[in-house]
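Visitor: Predicted model and sequence follow; I will ask about them next.
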Amino acid sequence: MQFILSGIAIGSIYGLIAMALAITFYVTRTINFAQGQLMMVTVMLTAMLSAAGTPVWLAMIIGLVSSCILGVLSYLIAIRPILQVNRFSFGWLVSTLGFAVILENGAALIWGPTSRSFPQMLISYRVPIGNAVLNGQQVLAIVVAIVLTIAFEVVRRRTFFGKLGMATAVDPDMAEAIGANTTVVAIVAFIVSALFAGIAGLLVGPTTFANPYLGSTFGTFGFIAMMIGGGTEKPVAAMFGGLILGVCAEGANALINSQASDWFPFLVLVIILIISPRGLFSSSSPLMRLRRPPAAKA
Amino acid sequence: MMSNETPILEVSNLSTGYGRFDVVRDVQLRVGTGEAVALLGPNGAGKTTVLNAIMGLVKVRKGQIFISGKNMAGLPAHRIARGHAAIAPEGRRLFLDQSVEDNLILGALHLRRDQDRVRKLLDSVYELFPVLRKYRDRQSTYLSGGEQQMVAIGRMLMADPEILLLDEPSVALSPVAVEIVVKALMELRRRGASLLLVEQRIDVAVRVCSRLYVMTHGEIVDEMTPEQVNQGGMSILNKYLG
Amino acid sequence: MTDKSATTTPTVSSGIKRGRLNLLFLAIAVLGYIVFTIYVSHSNLHIQSLVLVAAVFGILAISLDMAVGMLGLYSLGQGGFFAIGAYLTTILNARYGWNIFALLPLTIIASGLIGAAVGAASLRVSGLYFAITTFIFTLVLTVVATNMQQITGGLQGMLGPAFPRLPSSFSWVGTPVVWCVLGVLFLCMALVWNIRRSPFYPVLLSIRDAEPYAEAAGVPVSTIKVAFFGLSAAMAGVAGWLFSFLGVVSPGEFDWAVSLNVLVMVLIGGVNTTLGPVIGAVFVSMFPNLVNINPWLQEILYGALSILAVTMMPGGAVGAVRKVLQRMSAGGDNHDEDVLAEAEKAAEETVEAASSIPDHAGEGHEIVVECKGIGFGYGVGPKVLHNIDLAVRRGDIHGLIGPNGSGKSTLANVISGRLSPHEGQVLVKGQQVAGLAPISRARLGFRRTFQAAQLVHELSVAENTMVGLYDHVPNIELRSPLWPLLPSARRDGRKMQRDARDALSLVGAAHWGGRSVGDVPHGIEQLTQLASVCVAGPDIIVLDEPATGLSAKEVHHLAEILASLKQRGVTMIIIEHQTRFLFPLCDRVTVLNAGEVILTGSADEVRADPIVRQVYLGE
């Protein structure tokens, strides 16, 4: 019970990062390897500003805004020029990683490689649920993840901009032909995605503290979560992937041994990808095949 | 033959292509206000490229494209789509994961601040294709080919553009569906729309349009009226078929 | 026959000249290598370690470029194969005392087999998903290496085996490991250099760029993909074997960042070049030593440079140099007008008999292609073909017409075996086509062309044509690593060139042979496609809209070619819109509408049929 709940809590964080990766993938068909570093920048800036006496809420907002700005920059500098030359080029594998390297080492250069304290927020509250106990921060993570996921889905399906984003994802040329500025759509996607990553950072900051190498750890787990869920087809699936990953990791720690979370999630990932190469909730998954609607009339 | 007033669409010396070679060379054509003009020709003649160039989807290499006297050559597609031109493209290219009505409303992207107008346009599309009203909430993947073509035409109309561009709306349709599409195009013409129709079925072009261009190998080689086609039908047919 | 030998003479002599040039080049390369190795093996340890690390990564980058450049498979698993080589060598040597040279073949086999298994994933997932799958493969391997502490030494890793020392009487040779590492690098470069000069190279690129085209030529696409990826993995394994002699083997040396760094090397140096990956490897691995500043600043600079490299130089360093050289030699002039004029001339050329194309005339008149009750639909969509019956007699030209969307091209794909019908069967010479391997289909003497010509744009017209000869030359794959050195291969290569040229002159595109397909007009592309079919001397050809996009003259020329093929007894099924071109050629015509056969008959019968006139001609 305890491991399921704390797994869901950490899984919500992974899920938010996975969704951040999936949102930009959805619109531009690229993976932003600097996503974890965007999260790290939010954490570091918030930690630094609040340590310098800035109100915590203001520090958080500045942290989020800066990660949004960097997210847009990563698109404009590392992704757009490559897609303009050849939409199917894989050069962005290299350039987004280059961007990640710059952010990570930049942070280490500016703030030093050691951990700093992060505002405590709700971590000292204890919330008993059944015979398990979560701290306030974990509960907050779960609540925020649920709210953001639902909000994202509602926006995507119900609002005009969401529908436009779907159209751009499916057929960018046709989206241009109905008058969509696909560059603007992509920039908005990168802002939303950086917000998700930044919020994930704020939620996890009190537990992990702030250090420049936070990004690569959480970026990797977010990526695995996206692949488990099948986030390359549907951003929401990435959230479910995150939850599965979180529960698996915590479960492995609780039931196997304290080191098992280092390798057990990978085992899960490999098994899932062998069964369904595009993730658990993708259209190639045997799970989804059962639910495919019957063929329409001719 | 044509009046001196500014035509809705005037293409002059248009050259464009994809690789190192121009697929379209020195194309001149015009569409007057309220006129329906067809562009005929065999596969690979460059008709679709002309339409895509007008829409801004293919980069114009040489020449001008005037819509209502304003030069559109070099503008990105999303600028041209703001009320100047709209396209029902080859292969329809619906947003298949979205409903019929969402597809239509996306077509009115640049009018989204004027919801009254969008409503009116939507009603007029549903009036033109009543079957779409019935299926408005259905995901567009699950429509038949003919219904999908109606959505594509509807989406184009939703932009309420100065000129309509249609790329082979009769392709891969059953005779009944072709008939519905042709009737709809004739109705649009009656309502005063200006349209440029790329076709490979002469009968469709003759019924809908008042003037026909014949295109082969990237160049416009002939221009005629439906009457001329009906009189000397076989010769143009041959020209067209190869 | 006689005047043909006259035309071949200049090429043969130029071939010999090129052979001598090759030898000279080889001699210079070997000499340069030896001098460089002697220099390095006698220099100080600092320089040695710099060069050796660069060389190992050079091998790794070459192995990745084999997958990325020649197969189009973006593998991020290279770090994983690298790790397998290094760990296998270290563990078996340190714990079980195996001899390191005995371990080399084991390393090759192990990493090659694992590579083939990973490569098989490319058959299920393509493009980005393949990159992701291999990425995860590497991730998992590092996790395993970190967590199996008893065997791998965990995060600290283990010290690799020492390379054996030479007896002191050989001390003049210098450090032996230098000879070994640089020798392997040289062999790897020679390997890819040879492959690029063998007829296997066009085959590989056609798998990369135009899979259906390769398959139609009888190439066992899946097998080659898997095996070649296995070869690339084996090379990475060898790099790992070498790496274990250079110091500590630990998970950090093989994590996914390393795989991505290798990709950076390839992209910076130039994809699909022999020299590019090595240049990239030298640059990336020596970068930290060249720029001696704050390590964080140095990383930032590296990140910025890698972004700049991929955004500014899509072709990498080698590509950029090539572009400059081209601009210097071309003088910046555009010859499009000349090219078009030439294309017109090609259309006027008369069709001459080419002796390499076998004659099938007079082989009887029985039915060679038969469709029985074919039904087909894509995915869950509606059926596009309903109960199609079609019989084609030997030596006939059988036309297949119908409006767009009537299912013609689908039928062509079903007949040629690319699609399996849901109902009914297709028999070619009495043998069922569905489920037959591409090579067996090609061996039936059965070829096809595609509506949109599928060719490799960066290769020449002649090289594209040679892909059609794949099933005529034994063991292209196995001989390719040594191709320019084997006399039998040189002989075969010359014959292939001759055949390709004959086929090209048969279709009237002989003097286009040397141009790359990306630079020829559409009409010539279609003719190239036709030549690549004719070069194999098939007796049944399916042509999918061969006249599409051709000028009037070219269409006329095409009709002549097809007529002359018919005289040789070749059976043809032609799918076409342009009835004026098609009808005079055809013995029989089948009309399709909405996925059903309306009528089969002679051209005149079809033309006269009122339903056809209404449905198709629109009267």
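Guide: The structure has been received and is ready for your questions.
Visitor: Identify the residues contacting the nearest residue to residue A:29 once chain neighbours are set aside.
Guide: In this structure, residue A:29 finds its nearest non-sequential neighbour in residue C:128, 7.4 Å apart by CB to CB, 6 or more residues apart in numbering or on different chains. Backbone N, C-alpha and C define where each C-beta goes, glycine included. Each residue near residue C:128 by CB atoms under 8 Å, 6 or more residues apart in numbering or on different chains is listed here: A:29, A:31, A:90, A:232, C:74.
Visitor: Compute the distance between residue C:128 and residue C:235, please.
Guide: 24 Å (CB to CB, to the nearest Å).
Visitor: Let me know the pLDDT of residue C:146.
Guide: Note on residue C:146: pLDDT of 85.
Visitor: cool, and the one 5 residues further on?
Guide: Here, the pLDDT recorded for residue C:151 equals 81.
Visitor: which residues in chain B form helices?
Guide: Taking DSSP state H as the criterion, chain B contains helices spanning B:47-55, B:77-80, B:100-107, B:115-128, B:130-134, B:145-158, B:175-190, B:202-208, B:226-231, B:233-241.
Visitor: Columns distance to residue C:78 on top of those helices, output as a markdown table?
Guide: Putting the helices of chain B into a markdown table (distance: least, CB to CB, whole Å) gives the following:
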| stretch | distance to residue C:78 |
| --- | --- |
| helix B:47-55 | 40 |
| helix B:77-80 | 40 |
| helix B:100-107 | 43 |
| helix B:115-128 | 53 |
| helix B:130-134 | 53 |
| helix B:145-158 | 45 |
| helix B:175-190 | 53 |
| helix B:202-208 | 56 |
| helix B:226-231 | 63 |
| helix B:233-241 | 54 |
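Visitor: buried set for the helix or strand containing residue C:116?
Guide: Per DSSP states H and E, residue C:116 falls inside helix C:100-124. Along helix C:100-124, these residues count as buried under the neighbour rule (16 or more other CB atoms under 10 Å in any protein chain shown): C:100, C:103-104, C:106-108, C:110-112, C:114-116, C:118-119, C:121-122.
Visitor: Chain A next: which of these are close?
Guide: Contacts with chain A are made by residue C:121 out of the buried residues of helix C:100-124, judged by CB under 8 Å from any CB of the partner chain.
Visitor: Residue C:57: which of the buried residues of helix C:100-124 is nearest?
Guide: Minimum distance to residue C:57 across those is 16.3 Å, recorded for residue C:111 (CB to CB).
Visitor: Could you tell me which residues make contact with the residue of the stretch 1-150 of chain A found nearest chain C?
Guide: Nearest to chain C, among the residues of the stretch 1-150 of chain A, is residue A:101, at 3.5 Å (CB to the nearest CB). By CB under 8 Å, 6+ apart, residue A:101 lies in contact with C:299-300, C:302-303, C:306.
Visitor: distance of residue C:241 from chain A?
Guide: Distance, residue C:241 to chain A, using CB to the nearest CB, to the nearest Å: 26 Å.
Visitor: what's that residue in contact with, if anything?
Guide: With CB under 8 Å, 6+ apart, residue C:241 has these contacts: C:85-86, C:88-89, C:100, C:103-104, C:107.
Visitor: Would you mind giving the secondary structure of it?
Guide: Under DSSP: H, G, I helix; E, B strand; the rest coil, residue C:241 falls in the helix class.
Visitor: do the same with residue C:369
Guide: Assignment for residue C:369 (three-state DSSP): strand.
Visitor: Chain neighbours aside, what residue packs nearest to it?
Guide: Nearest to residue C:369 is residue C:392, by CB to CB, 6+ apart, at 4.1 Å.
Visitor: Kindly report the same for residue C:245.
Guide: residue C:163 (4.5 Å).
Visitor: ok, now which ones touch the residue nearest to residue C:545 when sequence neighbours are not counted?
Guide: Distances taken as CB to CB, 6+ apart place residue C:451 nearest to residue C:545, at 4.6 Å, with adjacent residues excluded. With contact set as CB under 8 Å, 6+ apart, residue C:451 has these partners: C:409, C:544-545, C:548, C:575.
Visitor: Tell me how far residue C:451 lies from residue B:73.
Guide: Using CB to CB, residue C:451 is found at 31 Å from residue B:73.
Visitor: for residue C:491, same thing?
Guide: 56 Å.
Visitor: Who has more neighbours out of these two?
Guide: For residue C:491 versus residue B:73, neighbours defined as other CB atoms under 10 Å in any protein chain shown are more numerous around residue B:73 (20 against 10).
Visitor: Could you list which residues are in contact with residue 212?
Guide: All of this refers to chain A. Applying CB under 8 Å, 6+ apart, the residues near residue A:212 are A:40, A:44, A:104-105, A:107-108, A:111, A:113.
Visitor: um, chain B though
Guide: Counting by CB under 8 Å, 6+ apart, the residues that residue B:212 touches are B:37-40, B:205-206, B:223-226, B:229.
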